[in-house]
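Engineer: Whatever this is, show me its structure:
(2 chains)
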Amino acid sequence: MSEPIPGVFQRLGEITRQLHDTLGQVGQPRLEQLAGQLPDARSRLGYVSGKTGDAAEKVLNLVDLAKAEQARINERIRELTDAIGSPAPLDVDSTIDRLPSRIEAALQEIDSASRRTDEHLSAIMLAQDFHDLTSQVMRKVVQLATDLEDQLLKLLLQAAPATSLPLPNAYGGPAIDADRRSDVVTNQKQVDELLASLGF
Amino acid sequence: MISTSSNASELRFLVVDDFSTMRRIVKGLLKEIGYVNADEAADGAEALNMLRRTKYDFIVSDINMPNIDGFGLLSEVKADDDLKHLPVLMVTAEARKEDILRAAQEGAAGYVVKPFTKATLEDKVTKILQKMAR
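Structural biologist: Okay, here's the model as predicted:
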(Lines give C-alpha, C1' and ligand atoms only; values in the text may rest on other atoms or scores of the structure.)
Protein backbone atom coordinates (compact mmCIF):
# COMPACT_ATOMS: atom_id res chain seq x y z
CA MET A 1 0.00 0.00 0.00
CA SER A 2 1.46 3.42 -0.94
CA GLU A 3 2.42 5.91 1.75
CA PRO A 4 -0.02 8.82 2.22
CA ILE A 5 1.06 12.05 0.56
CA PRO A 6 2.75 14.16 3.24
CA GLY A 7 0.54 16.91 4.54
CA VAL A 8 -2.70 15.43 3.17
CA PHE A 9 -3.98 14.38 6.54
CA GLN A 10 -2.92 17.68 8.09
CA ARG A 11 -4.73 19.64 5.39
CA LEU A 12 -7.78 17.43 5.79
CA GLY A 13 -7.74 18.20 9.48
CA GLU A 14 -7.65 21.95 8.79
CA ILE A 15 -10.53 21.69 6.35
CA THR A 16 -12.48 19.63 8.85
CA ARG A 17 -12.01 22.23 11.57
CA GLN A 18 -13.10 25.02 9.23
CA LEU A 19 -16.14 23.04 8.15
CA HIS A 20 -16.98 22.21 11.73
CA ASP A 21 -16.76 25.86 12.81
CA THR A 22 -18.71 27.10 9.81
CA LEU A 23 -21.49 24.60 10.28
CA GLY A 24 -21.71 25.54 13.92
CA GLN A 25 -22.14 29.18 12.92
CA VAL A 26 -24.68 28.30 10.26
CA GLY A 27 -26.71 26.43 12.84
CA GLN A 28 -26.80 22.96 11.38
CA PRO A 29 -26.31 20.78 14.44
CA ARG A 30 -26.51 17.47 12.61
CA LEU A 31 -23.98 18.54 10.01
CA GLU A 32 -21.79 19.92 12.75
CA GLN A 33 -21.97 16.59 14.52
CA LEU A 34 -21.09 14.69 11.36
CA ALA A 35 -18.22 17.02 10.56
CA GLY A 36 -16.93 16.40 14.05
CA GLN A 37 -16.70 12.71 13.20
CA LEU A 38 -14.35 13.32 10.29
CA PRO A 39 -11.15 13.12 12.39
CA ASP A 40 -12.40 9.72 13.57
CA ALA A 41 -12.90 8.75 9.94
CA ARG A 42 -9.34 9.82 9.26
CA SER A 43 -8.08 7.56 12.05
CA ARG A 44 -10.14 4.71 10.71
CA LEU A 45 -8.68 5.04 7.24
CA GLY A 46 -5.21 5.11 8.74
CA TYR A 47 -6.04 1.93 10.61
CA VAL A 48 -7.21 0.26 7.40
CA SER A 49 -4.05 1.30 5.60
CA GLY A 50 -1.87 -0.03 8.40
CA LYS A 51 -3.68 -3.34 8.72
CA THR A 52 -3.65 -3.95 4.99
CA GLY A 53 0.02 -3.14 4.68
CA ASP A 54 0.94 -5.35 7.64
CA ALA A 55 -1.01 -8.28 6.23
CA ALA A 56 0.55 -7.92 2.79
CA GLU A 57 4.05 -7.90 4.27
CA LYS A 58 3.30 -10.84 6.53
CA VAL A 59 1.97 -12.89 3.63
CA LEU A 60 4.93 -12.07 1.39
CA ASN A 61 7.36 -13.11 4.14
CA LEU A 62 5.50 -16.36 4.66
CA VAL A 63 5.52 -17.03 0.92
CA ASP A 64 9.30 -16.57 0.91
CA LEU A 65 9.68 -19.04 3.76
CA ALA A 66 7.36 -21.57 2.12
CA LYS A 67 9.17 -21.29 -1.20
CA ALA A 68 12.49 -21.90 0.57
CA GLU A 69 11.07 -25.07 2.09
CA GLN A 70 9.82 -26.19 -1.30
CA ALA A 71 13.27 -25.59 -2.76
CA ARG A 72 14.76 -27.80 -0.03
CA ILE A 73 12.23 -30.51 -0.82
CA ASN A 74 13.00 -30.34 -4.53
CA GLU A 75 16.72 -30.51 -3.88
CA ARG A 76 16.39 -33.61 -1.73
CA ILE A 77 14.20 -35.28 -4.33
CA ARG A 78 16.79 -34.53 -7.02
CA GLU A 79 19.55 -35.96 -4.84
CA LEU A 80 17.52 -39.08 -4.22
CA THR A 81 16.75 -39.48 -7.89
CA ASP A 82 20.42 -39.12 -8.75
CA ALA A 83 21.49 -41.52 -6.04
CA ILE A 84 19.02 -44.19 -7.09
CA GLY A 85 19.59 -43.74 -10.80
CA SER A 86 23.36 -43.36 -10.94
CA PRO A 87 25.48 -46.34 -12.12
CA ALA A 88 27.01 -48.43 -9.34
CA PRO A 89 30.59 -47.33 -8.54
CA LEU A 90 33.44 -49.78 -8.06
CA ASP A 91 32.85 -49.91 -4.32
CA VAL A 92 29.36 -51.34 -4.81
CA ASP A 93 28.89 -52.82 -1.36
CA SER A 94 29.68 -49.59 0.41
CA THR A 95 27.31 -47.60 -1.79
CA ILE A 96 24.46 -50.06 -1.42
CA ASP A 97 24.89 -50.03 2.34
CA ARG A 98 24.68 -46.27 2.47
CA LEU A 99 21.70 -45.86 0.12
CA PRO A 100 18.87 -46.82 2.49
CA SER A 101 20.15 -44.49 5.19
CA ARG A 102 20.54 -41.69 2.67
CA ILE A 103 17.00 -42.27 1.47
CA GLU A 104 15.71 -42.32 5.02
CA ALA A 105 17.53 -39.12 5.90
CA ALA A 106 16.28 -37.41 2.78
CA LEU A 107 12.69 -38.52 3.40
CA GLN A 108 12.84 -37.22 6.95
CA GLU A 109 14.06 -33.88 5.73
CA ILE A 110 11.35 -33.79 3.08
CA ASP A 111 8.75 -34.59 5.73
CA SER A 112 9.99 -31.81 8.02
CA ALA A 113 10.11 -29.28 5.21
CA SER A 114 6.65 -30.30 4.11
CA ARG A 115 5.26 -29.77 7.61
CA ARG A 116 6.88 -26.36 7.86
CA THR A 117 5.40 -25.41 4.49
CA ASP A 118 1.98 -26.46 5.74
CA GLU A 119 2.41 -24.23 8.80
CA HIS A 120 3.37 -21.29 6.61
CA LEU A 121 0.30 -21.87 4.46
CA SER A 122 -1.90 -21.91 7.55
CA ALA A 123 -0.34 -18.67 8.71
CA ILE A 124 -1.05 -17.15 5.30
CA MET A 125 -4.69 -18.18 5.63
CA LEU A 126 -4.93 -16.66 9.11
CA ALA A 127 -3.31 -13.44 7.89
CA GLN A 128 -6.41 -12.81 5.76
CA ASP A 129 -8.37 -11.87 8.88
CA PHE A 130 -7.37 -8.25 8.26
CA HIS A 131 -10.04 -8.11 5.59
CA ASP A 132 -12.86 -8.66 8.07
CA LEU A 133 -11.52 -6.05 10.49
CA THR A 134 -10.84 -3.42 7.86
CA SER A 135 -14.21 -3.93 6.20
CA GLN A 136 -16.01 -3.24 9.44
CA VAL A 137 -14.03 -0.06 9.86
CA MET A 138 -14.62 0.98 6.27
CA ARG A 139 -18.34 0.46 6.69
CA LYS A 140 -18.36 3.16 9.35
CA VAL A 141 -16.47 5.57 7.12
CA VAL A 142 -18.84 4.90 4.25
CA GLN A 143 -21.79 5.45 6.58
CA LEU A 144 -20.31 8.76 7.71
CA ALA A 145 -19.76 9.86 4.12
CA THR A 146 -23.32 8.88 3.23
CA ASP A 147 -24.75 10.79 6.19
CA LEU A 148 -22.64 13.83 5.44
CA GLU A 149 -23.65 13.84 1.79
CA ASP A 150 -27.28 13.51 2.75
CA GLN A 151 -27.09 16.44 5.12
CA LEU A 152 -25.15 18.63 2.77
CA LEU A 153 -27.73 18.00 0.04
CA LYS A 154 -30.53 18.97 2.37
CA LEU A 155 -28.70 22.13 3.28
CA LEU A 156 -28.10 22.96 -0.34
CA LEU A 157 -31.71 22.40 -1.31
CA GLN A 158 -32.83 24.39 1.73
CA ALA A 159 -35.19 21.61 2.63
CA ALA A 160 -36.89 21.07 5.96
CA PRO A 161 -34.64 21.10 9.03
CA ALA A 162 -32.50 17.99 9.36
CA THR A 163 -34.60 15.18 10.71
CA SER A 164 -33.06 12.85 13.21
CA LEU A 165 -31.20 10.16 11.36
CA PRO A 166 -31.02 6.53 12.51
CA LEU A 167 -28.39 6.04 15.12
CA PRO A 168 -25.13 4.65 13.73
CA ASN A 169 -24.40 1.01 14.27
CA ALA A 170 -24.38 0.33 17.97
CA TYR A 171 -21.26 -1.82 17.80
CA GLY A 172 -17.81 -0.33 17.91
CA GLY A 173 -16.06 -2.81 15.64
CA PRO A 174 -12.30 -3.22 15.94
CA ALA A 175 -10.94 -0.73 18.48
CA ILE A 176 -8.50 1.30 16.42
CA ASP A 177 -7.57 3.61 19.29
CA ALA A 178 -7.52 1.10 22.11
CA ASP A 179 -4.45 2.68 23.71
CA ARG A 180 -6.50 5.82 24.40
CA ARG A 181 -9.57 4.07 25.79
CA SER A 182 -10.38 2.34 29.01
CA ASP A 183 -13.62 0.73 27.87
CA VAL A 184 -12.06 -1.79 25.46
CA VAL A 185 -9.65 -4.69 25.66
CA THR A 186 -6.63 -5.04 23.41
CA ASN A 187 -5.95 -8.78 23.48
CA GLN A 188 -7.39 -12.15 24.44
CA LYS A 189 -5.54 -12.17 27.77
CA GLN A 190 -7.48 -9.10 28.86
CA VAL A 191 -10.76 -10.73 27.78
CA ASP A 192 -9.99 -13.79 29.89
CA GLU A 193 -8.91 -11.69 32.89
CA LEU A 194 -12.05 -9.56 32.72
CA LEU A 195 -14.29 -12.60 32.64
CA ALA A 196 -12.35 -14.38 35.39
CA SER A 197 -12.52 -11.31 37.64
CA LEU A 198 -16.31 -11.49 37.50
CA GLY A 199 -16.56 -15.19 38.06
CA PHE A 200 -17.15 -16.35 34.51
CA MET B 1 -28.21 -33.27 23.63
CA ILE B 2 -24.67 -32.39 22.75
CA SER B 3 -22.79 -35.23 21.20
CA THR B 4 -21.08 -37.33 23.81
CA SER B 5 -18.65 -38.64 21.26
CA SER B 6 -15.07 -37.97 22.14
CA ASN B 7 -14.18 -38.18 18.48
CA ALA B 8 -13.59 -34.62 17.32
CA SER B 9 -14.31 -35.50 13.71
CA GLU B 10 -17.88 -36.43 14.62
CA LEU B 11 -18.77 -33.08 16.13
CA ARG B 12 -20.67 -30.69 13.88
CA PHE B 13 -19.88 -26.98 14.10
CA LEU B 14 -21.85 -24.02 12.79
CA VAL B 15 -19.70 -21.00 11.94
CA VAL B 16 -21.70 -17.76 11.80
CA ASP B 17 -20.15 -14.59 10.37
CA ASP B 18 -21.30 -12.13 7.74
CA PHE B 19 -17.79 -12.10 6.28
CA SER B 20 -17.07 -15.07 4.04
CA THR B 21 -13.29 -14.76 4.47
CA MET B 22 -13.63 -15.05 8.23
CA ARG B 23 -15.95 -18.05 7.91
CA ARG B 24 -13.31 -19.74 5.75
CA ILE B 25 -10.59 -18.93 8.26
CA VAL B 26 -12.52 -20.27 11.23
CA LYS B 27 -13.54 -23.40 9.33
CA GLY B 28 -9.97 -23.92 8.20
CA LEU B 29 -8.63 -23.59 11.73
CA LEU B 30 -11.28 -25.91 13.14
CA LYS B 31 -10.28 -28.47 10.53
CA GLU B 32 -6.62 -28.17 11.52
CA ILE B 33 -7.57 -28.64 15.15
CA GLY B 34 -9.48 -31.78 14.20
CA TYR B 35 -13.05 -30.62 13.83
CA VAL B 36 -13.65 -31.36 10.19
CA ASN B 37 -17.43 -30.98 10.11
CA ALA B 38 -18.33 -27.32 9.94
CA ASP B 39 -21.13 -25.50 8.13
CA GLU B 40 -21.47 -21.78 7.50
CA ALA B 41 -24.16 -19.18 8.03
CA ALA B 42 -23.92 -15.52 7.01
CA ASP B 43 -26.03 -14.11 9.84
CA GLY B 44 -28.09 -15.06 12.86
CA ALA B 45 -31.27 -15.57 10.90
CA GLU B 46 -29.68 -18.06 8.53
CA ALA B 47 -27.99 -19.75 11.49
CA LEU B 48 -31.30 -20.25 13.29
CA ASN B 49 -32.85 -21.78 10.17
CA MET B 50 -29.96 -24.21 9.94
CA LEU B 51 -30.00 -24.99 13.66
CA ARG B 52 -33.67 -25.91 13.52
CA ARG B 53 -33.16 -28.24 10.55
CA THR B 54 -29.83 -29.91 11.36
CA LYS B 55 -28.25 -31.22 14.53
CA TYR B 56 -25.19 -29.24 15.58
CA ASP B 57 -22.86 -29.62 18.54
CA PHE B 58 -21.19 -26.23 18.71
CA ILE B 59 -21.79 -22.68 17.48
CA VAL B 60 -19.01 -20.19 16.69
CA SER B 61 -20.52 -16.78 16.09
CA ASP B 62 -19.54 -13.24 15.25
CA ILE B 63 -21.49 -10.43 16.93
CA ASN B 64 -21.78 -7.61 14.43
CA MET B 65 -23.96 -9.07 11.66
CA PRO B 66 -27.01 -7.93 9.71
CA ASN B 67 -30.49 -9.40 10.16
CA ILE B 68 -30.06 -11.17 13.53
CA ASP B 69 -26.72 -10.31 15.16
CA GLY B 70 -24.65 -12.45 17.51
CA PHE B 71 -26.49 -11.38 20.66
CA GLY B 72 -29.81 -11.98 18.94
CA LEU B 73 -28.68 -15.45 17.93
CA LEU B 74 -27.43 -16.18 21.44
CA SER B 75 -30.74 -15.06 22.91
CA GLU B 76 -32.78 -17.20 20.50
CA VAL B 77 -30.62 -20.24 21.09
CA LYS B 78 -30.83 -19.96 24.87
CA ALA B 79 -34.59 -19.46 24.71
CA ASP B 80 -35.14 -22.57 22.59
CA ASP B 81 -35.47 -25.81 24.55
CA ASP B 82 -34.04 -27.78 21.64
CA LEU B 83 -31.01 -25.52 21.23
CA LYS B 84 -30.19 -24.08 24.65
CA HIS B 85 -27.71 -26.85 25.44
CA LEU B 86 -25.50 -25.76 22.55
CA PRO B 87 -22.31 -23.92 23.49
CA VAL B 88 -21.97 -20.57 21.73
CA LEU B 89 -18.44 -19.23 21.38
CA MET B 90 -18.33 -15.58 20.36
CA VAL B 91 -15.48 -14.83 17.95
CA THR B 92 -15.63 -11.13 17.24
CA ALA B 93 -13.86 -7.86 16.68
CA GLU B 94 -16.01 -6.23 19.37
CA ALA B 95 -13.51 -5.43 22.11
CA ARG B 96 -15.70 -3.35 24.41
CA LYS B 97 -15.80 -4.65 27.95
CA GLU B 98 -19.56 -4.18 28.10
CA ASP B 99 -19.98 -6.55 25.13
CA ILE B 100 -17.71 -9.14 26.72
CA LEU B 101 -19.67 -9.00 29.97
CA ARG B 102 -23.00 -9.03 28.19
CA ALA B 103 -22.02 -12.16 26.29
CA ALA B 104 -21.05 -13.91 29.51
CA GLN B 105 -24.19 -12.83 31.32
CA GLU B 106 -26.42 -13.93 28.46
CA GLY B 107 -24.94 -17.40 28.34
CA ALA B 108 -22.11 -17.39 25.83
CA ALA B 109 -19.70 -20.24 26.50
CA GLY B 110 -16.67 -18.13 25.63
CA TYR B 111 -15.40 -14.98 23.97
CA VAL B 112 -12.52 -14.63 21.53
CA VAL B 113 -11.46 -11.28 20.15
CA LYS B 114 -10.16 -10.84 16.62
CA PRO B 115 -7.42 -11.06 15.55
CA PHE B 116 -6.86 -14.41 17.23
CA THR B 117 -4.49 -17.32 16.90
CA LYS B 118 -5.18 -20.96 16.17
CA ALA B 119 -3.91 -21.79 19.66
CA THR B 120 -6.47 -19.46 21.26
CA LEU B 121 -9.35 -20.92 19.28
CA GLU B 122 -8.24 -24.46 20.07
CA ASP B 123 -7.86 -23.63 23.75
CA LYS B 124 -11.34 -22.12 24.02
CA VAL B 125 -13.10 -24.88 22.07
CA THR B 126 -11.32 -27.59 24.04
CA LYS B 127 -12.14 -26.05 27.42
CA ILE B 128 -15.77 -25.54 26.49
CA LEU B 129 -16.15 -29.13 25.29
CA GLN B 130 -14.41 -30.44 28.41
CA LYS B 131 -16.77 -28.42 30.58
CA MET B 132 -19.80 -29.69 28.64
CA ALA B 133 -18.65 -33.28 29.04
CA ARG B 134 -18.50 -33.06 32.84
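Engineer: Helices along chain B, start to end?
Structural biologist: B:20-33, B:44-53, B:70-79, B:97-105, B:118-133 (DSSP state H).
Engineer: would you turn the ones you listed into CSV with mean pLDDT?
Structural biologist: Shown next, in CSV, are these (pLDDT from 0 to 100):
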stretch, mean pLDDT
helix B:20-33, 89
helix B:44-53, 97
helix B:70-79, 97
helix B:97-105, 94
helix B:118-133, 94
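Engineer: to the chain's geometric centre, what's the distance from stretch A:37-49?
Structural biologist: Centroid separation for stretch A:37-49 versus its chain: 15 Å, with CA atoms, centre = their mean, to the nearest Å.
Engineer: Now it: buried residues?
Structural biologist: Burial within stretch A:37-49, assessed by neighbour count using 16 or more other CB atoms under 10 Å in any protein chain shown, is assigned to A:37-38, A:41-45, A:47-48. Every residue, glycine included, has its C-beta placed from N, CA and C.
Engineer: follow-up on the earlier one: save the helices of chain B as a markdown table, and put in mean neighbour count and distance to A:Lys189 too.
Structural biologist: Output for these, formatted as a markdown table (neighbours: other CB atoms under 10 Å in any protein chain shown; distance: least, CB to CB, whole Å):
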| stretch | mean neighbour count | distance to A:Lys189 |
| --- | --- | --- |
| helix B:20-33 | 19 | 19 |
| helix B:44-53 | 18 | 28 |
| helix B:70-79 | 20 | 22 |
| helix B:97-105 | 18 | 13 |
| helix B:118-133 | 16 | 10 |
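Engineer: of the ones you listed, which approaches A:Asp147 most closely?
Structural biologist: For A:Asp147, the closest of the helices of chain B is helix B:97-105, at 23.8 Å, according to CB to CB.
Engineer: interface residues of chain A facing chain B?
Structural biologist: Proximity of chain A to chain B, by CB under 8 Å from any CB of the partner chain, involves residues A:122, A:125-126, A:128-133, A:135-136, A:169, A:171-175, A:178, A:183-188, A:191, A:194-195, A:198, A:200.
Engineer: could you flag which of the residues you listed are buried?
Structural biologist: For those, a burial check counting by 16+ other CB under 10 Å picks out A:122, A:125-126, A:129-133, A:135-136, A:171-175, A:184-185, A:188, A:191, A:194-195, A:200.
Engineer: among those, which are in helices?
Structural biologist: Short answer: these in helices (DSSP H) are A:122, A:125-126, A:130-133, A:135-136, A:188, A:191, A:194-195.
Engineer: residues touching A:Asp132, list them.
Structural biologist: B:17, B:19, B:21-22, B:93, B:114 (CB atoms under 8 Å, 6 or more residues apart in numbering or on different chains).
Engineer: One more pass at 10 Å, please.
Structural biologist: A:173-174, B:17-23, B:25, B:62, B:64, B:92-93, B:114-115 (CB atoms under 10 Å, 6 or more residues apart in numbering or on different chains).
Engineer: Kindly report the same for A:Leu107.
Structural biologist: Residues in contact with A:Leu107 (CB under 10 Å, 6+ apart) are A:76-77, A:80.
Engineer: If any of the residues you listed are buried, put those into a ChimeraX selection.
Structural biologist: The buried residues among those can be selected in ChimeraX (16+ other CB under 10 Å) with this line:
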select /A:76,80
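Engineer: quick one: which of the contacts of A:Leu107 sit in helices?
Structural biologist: Per DSSP H, helices hold the following members of the contacts of A:Leu107: A:76-77, A:80.
Engineer: want to try CSV for those residues, with pLDDT as columns?
Structural biologist: Output for those, formatted as CSV (pLDDT from 0 to 100):
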residue, pLDDT
A:Arg76, 91
A:Ile77, 91
A:Leu80, 86
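Engineer: Show the contacting residues for residue 112.
Structural biologist: Using chain A. Here A:Ser112 is in contact with A:69, A:72-73 (criterion: CB under 10 Å, 6+ apart).
Engineer: The intended chain is chain B.
Structural biologist: Residues in contact with B:Val112 (CB under 10 Å, 6+ apart) are A:188, A:191-192, B:26, B:60, B:89-92, B:120-121, B:123-125.
Engineer: How about stretch B:13-24 and chain A, touching?
Structural biologist: Yes. With CB under 10 Å from any CB of the partner chain as the measure, stretch B:13-24 is seen reaching chain A through B:17-24.
Engineer: Just the terminal-to-terminal distance for that stretch.
Structural biologist: 13 Å (CA to CA, to the nearest Å).
Engineer: chain center to it, what's the gap?
Structural biologist: Centroid separation between stretch B:13-24 and its chain, computed with CA atoms, centre = their mean, is 10 Å.
Engineer: Also stretch B:48-65?
Structural biologist: 7 Å.
Engineer: Between the two ends of it, how far is it?
Structural biologist: Stretch B:48-65 has an end-to-end distance of 13 Å (criterion: CA to CA).
Engineer: Check whether it comes into contact with chain A.
Structural biologist: Yes. Using CB under 10 Å from any CB, stretch B:48-65 reaches chain A at B:62-65.
Engineer: rewinding a little: can I get the buried residues of stretch A:37-49 in CSV with pLDDT?
Structural biologist: Output for the buried residues of stretch A:37-49, formatted as CSV (pLDDT from 0 to 100):
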residue, pLDDT
A:Gln37, 80
A:Leu38, 76
A:Ala41, 83
A:Arg42, 83
A:Ser43, 85
A:Arg44, 87
A:Leu45, 87
A:Tyr47, 87
A:Val48, 88
